[in-house]
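Engineer: Sequence and predicted structure below; questions after.
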Amino acid sequence: MRKRFSFKFAPFVLLFTGLFFLSSCQVEQVEFMELKNVVVKDVKPKEIYLDVTAVLDNPNSFSIKIIDSDLDLYLEGNKLGKATLLEEFTLESGEQKAYDLKVKAVGDNIQMKMLPVMLSAALTGKVTVKLQGDITGRVALIKKKVKVDITQEVRFKKEL
């Protein structure tokens, strides 16, 4: 009597085959190329909402989904608070591209800390932005945290 192949083990075979192929792939570091501009959408006593345009380079041959962030946001050298991405987004594979990111920063006395920033932006149209912390990305079942430390002068405006 011949035994037939049982399909109840097929998901395990596919999982182990996929993990084997993923383990042989080299993941290259995603790079922040530049921050293009920052737009203030809303300022509350303990929160600020920003639209940030960032140019990111994903040199990998696969897309990466950005799922979480834990960043410290500084404007003109003043720490505003902890910044998080409000929406997940996907980095396209193998290209350098500008992404529009929605960011929320939470901290104490944000409105008071924004006064010198707004004055500087009114005079020059630009402010120095610093982001420091971690961003978490995911490819299939694999998650990875990437350190971020970027300081750049960007165009800055307030839309309220």
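Structural biologist: Done, it's in.

Engineer: got a list of contacts for the longest strand seen in the chain?
Structural biologist: Criterion DSSP state E: the longest strand present in the chain is strand 142-158. Here strand 142-158 makes contact (Cβ atoms under 8 Å, 6 or more residues apart in numbering) with 22, 27, 29-30, 32, 34-40, 67, 71, 74, 117-118, 121, 125-138. C-betas here are computed from N, CA, C, even on glycine.

Engineer: Which residue comes closest to Asp100 once chain neighbours are left out?
Structural biologist: Closest residue to Asp100 apart from its sequence neighbours, by Cβ to Cβ, 6 or more residues apart in numbering: Thr53 at 5.5 Å.

Engineer: mind listing what the one helix or strand Leu35 maps to pairs with, with the direction of each?
Structural biologist: Per DSSP states H and E: Leu35 is located in strand 31-43. The sheet places strand 31-43 alongside strand 47-58 (antiparallel), strand 142-158 (parallel), with pairing taken from DSSP bridges.

Engineer: Which of those has the lowest mean pLDDT?
Structural biologist: Ranked by mean pLDDT, the strands paired with strand 31-43 bottom out at strand 142-158, with a mean of 84.

Engineer: that older thread, quick one: the residue nearest to Asp100 and Met33, what's the gap?
Structural biologist: 11 Å (Cβ to Cβ, to the nearest Å).

Engineer: the more surrounded of these two?
Structural biologist: Thr53 (16 against 13; other Cβ atoms under 10 Å).
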